[in-house]
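Visitor: Give the three-dimensional model of this entry:
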Amino acid sequence: MEIFSLRSSQSLLFKNNTNNNAKSPKTADIVIEPKPTIGQGSFQIQDFDSREAIDFTAVSAGELRSYARQGFDSGLIDQNTFAAISEPLPMHAIDPLGNVIDLSNVTDGTSFNYLDYYKNQLQIAMSIGDPNEVQTLKSVVSFLAGEN
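Guide: The predicted structure follows:
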């Protein structure tokens, strides 16, 4: 009786012989069906090019995250932009004039003007001079304004 190690027995399985290369009769009857056409009840994702009609001045946080996910999946935005859009709003923010804005009443289902919010945050970041934050916010504003 011979004892083989697992390593040597695995290498025996990969030997190139005629039995392993022959087609199995079990796979001969497998047929790939054609892709169903649109309108046969199949699930379809909305074409992302219709994003231009979206009004980001009155959208909920959940809808915004959904559009951001579609943009990330389609390659329109990078991971940093997606993360910036997906993170929840702070309880308070500062506008470009230095006034404190109360955002505590904005919930996941509340419509909010995200385009103006991110434009204001971009102005503040540009005045502070944080180049990484500026680049991310420029990308967010570009995405929300439909400039991608």
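
Visitor: Sticking with residue 101, tell me its helix or strand.
Guide: strand 100-102 (DSSP states H and E).

Visitor: Residue 95 - nearest residue in space that isn't next to it in sequence?
Guide: Among residues not flanking residue 95 along the chain, residue 120 sits closest, at 5.3 Å (C-beta to C-beta, 6 or more residues apart in numbering). Heads up, the C-betas are built off the backbone N, CA and C, glycines and all.

Visitor: ok so, going back, does anything pack onto the strand holding residue 101? Which helices or strands?
Guide: strand 92-94 (3 or more C-beta pairs under 8 Å, 6 or more residues apart in numbering; DSSP states H and E).

Visitor: residues of the helix or strand harbouring residue 142 that come out buried?
Guide: In the assignment (DSSP H and E), residue 142 maps to helix 131-144. Applying a neighbour-count criterion of 16 or more other C-beta atoms under 10 Å, one finds 133-134, 136-144 buried in helix 131-144.

Visitor: Check what contacts it and list those residues.
Guide: 56, 68, 71, 76-78, 80-81, 84-85, 114-115, 118-119, 121-122, 125-126, 148 (C-beta atoms under 8 Å, 6 or more residues apart in numbering).

Visitor: List only buried entries from those residues.
Guide: For these, buried by 16+ other C-beta under 10 Å: 56, 68, 71, 76-77, 81, 84-85, 114-115, 118-119, 121-122, 125.

Visitor: any idea of the pLDDT on residue 18?
Guide: The model reports residue 18 with a pLDDT of 50.

Visitor: Pull the helix or strand just after the strand holding residue 101 out as PDB, backbone CA atoms only.
Guide: The helix or strand immediately downstream of strand 100-102 is helix 114-128, counting by DSSP H and E. Provided in PDB are the C-alpha atoms of helix 114-128 (Å, rounded to 0.1, in the frame of the first residue of the first chain):
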ATOM      1  CA  TYR A 114     -28.200  68.800  -1.800                       C
ATOM      2  CA  LEU A 115     -26.900  70.700  -4.800                       C
ATOM      3  CA  ASP A 116     -26.800  74.000  -2.900                       C
ATOM      4  CA  TYR A 117     -25.500  72.400   0.200                       C
ATOM      5  CA  TYR A 118     -22.500  70.900  -1.500                       C
ATOM      6  CA  LYS A 119     -21.900  74.100  -3.500                       C
ATOM      7  CA  ASN A 120     -21.700  76.000  -0.200                       C
ATOM      8  CA  GLN A 121     -19.400  73.400   1.300                       C
ATOM      9  CA  LEU A 122     -17.200  73.700  -1.800                       C
ATOM     10  CA  GLN A 123     -16.900  77.400  -1.300                       C
ATOM     11  CA  ILE A 124     -16.000  77.000   2.300                       C
ATOM     12  CA  ALA A 125     -13.400  74.300   1.500                       C
ATOM     13  CA  MET A 126     -11.900  76.500  -1.200                       C
ATOM     14  CA  SER A 127     -11.500  79.400   1.300                       C
ATOM     15  CA  ILE A 128     -10.000  77.100   3.900                       C
END
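
Visitor: Brilliant, that's me finished.
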